[in-house]
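Undergrad: I would like to see how this sequence folds:
(one chain, ligands or ions: 2)
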Amino acid sequence: MATRVKAFSAATRSTPLAAATIERRDIQPRDVQFDVLFCGVCHSDISTARSIWPDVMYPCVPGHEIVGRVTKVGSDVKGFKPGDFAAAGCMVDSCRTCVSCKLGLEQYCDTAPPNGMILTYNGPDKYFPGKPTYGGYSSQIMVDEHFCLHVDGKQNLAAVAPLLCAGITLYSPLKHWGAGQGKKVGIVGLGGLGHMGVKLSHALGAHTVLFTTSPGKVEDGKRLGADEVVVSRNADEMAKQANRLDLIVDTVAVPHDLDPFIAALNRDSALVLVGAPGTPHPSPGVFPLLMRRRHIAGSGIGGIKETQEMLDFCAAHNIVSDIEITPIQKINEAHDRVLKSDVRYRFVIDMASLNA
Ligand code: NAP
Ligand code: ZN
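TA: Ligands and ions are numbered 1, 2, ... in the order given. Below you'll find the model as predicted:
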């Protein structure tokens, strides 16, 4: 048995998203069922729906920046009750028994799917074998309590939604690599992830340097919390950053030359890649890495405990995303605009529009 709910899905890689109905499992003892109120639009939604990334299963219902209101809870659920606000991010399950899961790093679960980490969409759905999981571009979602986050509703809920992916994807590496007072931190790209990176790095007390390809974003960068804004296509401006930064987090979604950013790193510092292009970056030069013992690293979202910590940090520091609300009917236009960097700085779908 299953319930049919409304959604927007892509039938193939080249088909625009359109209204559809999908099946959601019947409630399990540890499940929280909630109505989706708002869902952020991540660049990953587009990379998946359009198969810019490999191995996409169709139909594809994207959406992993989800805020909603609880409608029903399973018999074993302790932390949520009907009427509460609840949120979900990029993953809805993991084995919970491996070393990584026990450390609260469910996103790096050591067990292979379908028993390991399951993405909110385009993961193997263990309740509907052979089908993908479906994300937040839908009226309702069912999530194991362990993967449900608490939001208190005091902040603008639509603007909270992007914290569930964009927020945690920047918070986690900033914390892991020690961003804070006395540190100089670079953020590359002022998009959905990047603008959260600037806000969070600033709130953590780091001297924050934004690198943007868009001269028109310089003032916004400063307003959002950057101490310096560098137009990365300007070689003279880049040269002034040489050997200076203690950490750089790169959010750019297309392949690009990493060498100018590596040159900006201090000794023993890391360039952390979170942007996920469908094809690789050109290989960086080796000498700039070994001469100053610099690192290139990657980072994926964040664990559940850390995601809650990030939500609480954002509530305490009055941080939300800068958003543009869209009805679901304009989602294809919104996706096209994200690809052109034409949004300041995150689209959020008002899911009430699904019933319009
Ligand atoms: P986004 O809103 O499109 O932002 C990307 C930014 O990259 C743009 O705003 C732009 O900033 C810069 N950019 C765009 N085209 C560029 C170009 N040709 N050359 C240089 N810079 C360019 O995307 P997003 O939602 O923030 O996502 C960013 C990437 O992170 C995507 O690949 C997404 O899939 C990935 N992601 C990864 C994780 C993870 O766990 N690691 C989680 C979520 C998303 P400027 O105009 O300032 O240059
Ligand atoms: Zn995302």
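
Undergrad: For the rest of this, base every contact and every neighbour count on C-alpha atoms.
TA: Noted.

Undergrad: Quick one, grab the pLDDT at the residue of the chain most remote from its centre.
TA: Distance from the C-alpha centroid of the chain peaks at M291, with 33.3 Å (CA atoms, centre = their mean). We have a pLDDT of 92 for M291.

Undergrad: Phi, psi for it please.
TA: Backbone torsions of M291, given as degrees, to the nearest 10, read phi -70, psi -30.

Undergrad: Relative to ligand 2, how far out is it?
TA: 35 Å (CA to the ion, to the nearest Å).

Undergrad: residues contacting that residue?
TA: Counting by CA atoms under 8 Å, 6 or more residues apart in numbering, M291 touches no other residue.

Undergrad: Equivalent analysis for the one 4 residues further on, please.
TA: Under the criterion of CA under 8 Å, 6+ apart, the neighbours of H295 are 268-271, 289.

Undergrad: Can you flag the buried ones in those residues?
TA: Listed as buried from the contacts of H295 are 269-271, 289; burial here means 16 or more other CA atoms under 10 Å.

Undergrad: Narrow those residues to those in strands?
TA: 269-271 (DSSP state E).

Undergrad: Now do the contacts for G298.
TA: By CA under 8 Å, 6+ apart, G298 lies in contact with 272-274.

Undergrad: neighbour-wise, which of those residues leads?
TA: V274 (22 neighbours; other CA atoms under 10 Å).

Undergrad: right, and that one touches V254 too?
TA: No. Taking contacts as CA atoms under 8 Å, V274 lies outside contact range of V254: 11.3 Å.

Undergrad: K183 and E306, how far apart?
TA: 21 Å (CA to CA, to the nearest Å).

Undergrad: count of neighbours near K199?
TA: 24.

Undergrad: Tell me if I'm right that it and N318 touch.
TA: No. Counting by CA under 8 Å, K199 sits too far from N318 to count as a contact (10.3 Å).

Undergrad: K81 reaches R69, doesn't it?
TA: No. With contact defined as CA under 8 Å, K81 does not reach R69; the gap is 9.6 Å.

Undergrad: Show me which of those two is the more surrounded one.
TA: When K81 and R69 are compared for neighbours, R69 comes out ahead with 21 against 17, by other CA under 10 Å.

Undergrad: So what pairs up with the more buried one in the strands?
TA: For R69, the beta-bridge partners are D35, F85 (DSSP bridges).

Undergrad: Look up how far V32 lies from it.
TA: R69 is 10 Å from V32, by CA to CA.

Undergrad: Which residues are in contact with A86?
TA: If you count contacts by CA under 8 Å, 6+ apart, A86 has them with 34, 67-70, 80, 148-151.

Undergrad: can you do 6 Å?
TA: Applying CA atoms under 6 Å, 6 or more residues apart in numbering, we find A86 in contact with 67-69, 149-150.

Undergrad: can you check P16 too?
TA: A10.

Undergrad: quick one: secondary structure of it?
TA: coil (DSSP: H, G, I helix; E, B strand; the rest coil).

Undergrad: Report pLDDT for the residue nearest to P114 when sequence neighbours are not counted.
TA: Spatial nearest neighbour of P114, excluding adjacent residues (CA to CA, 6 or more residues apart in numbering): P124 at 5.8 Å. Note for P124: predicted pLDDT of 96.

Undergrad: Neighbours of P124, how many?
TA: Neighbours around P124, by other CA under 10 Å: 22.

Undergrad: roughly how far apart are it and R294?
TA: Using CA to CA, P124 is found at 37 Å from R294.

Undergrad: can you list the residues of the stretch 51-200 of the chain near ligand 2?
TA: Counting by CA under 5 Å from the ion, the stretch 51-200 of the chain comes close to ligand 2 at C165.

Undergrad: The same query, at a cut-off of 6 Å, please.
TA: Counting by CA under 6 Å from the ion, the stretch 51-200 of the chain comes close to ligand 2 at 165-166.

Undergrad: So which bits of stretch 298-305 are buried?
TA: 299-304.

Undergrad: State the mean pLDDT of it.
TA: 98.

Undergrad: Check the offset of it from the chain's centre.
TA: 9 Å (CA atoms, centre = their mean, to the nearest Å).

Undergrad: Just the C-alphas of it, formatted as PDB.
TA: Backbone C-alpha positions of stretch 298-305 (Å, rounded to 0.1, in the frame of the first residue of the first chain) are rendered in PDB as follows:
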ATOM      1  CA  GLY A 298      36.600  17.900  -1.200                       C
ATOM      2  CA  SER A 299      33.600  18.000   1.200                       C
ATOM      3  CA  GLY A 300      30.000  16.700   0.900                       C
ATOM      4  CA  ILE A 301      27.000  18.200   2.700                       C
ATOM      5  CA  GLY A 302      27.300  17.500   6.500                       C
ATOM      6  CA  GLY A 303      26.000  14.900   9.000                       C
ATOM      7  CA  ILE A 304      22.700  15.200  10.800                       C
ATOM      8  CA  LYS A 305      24.000  16.400  14.100                       C
END
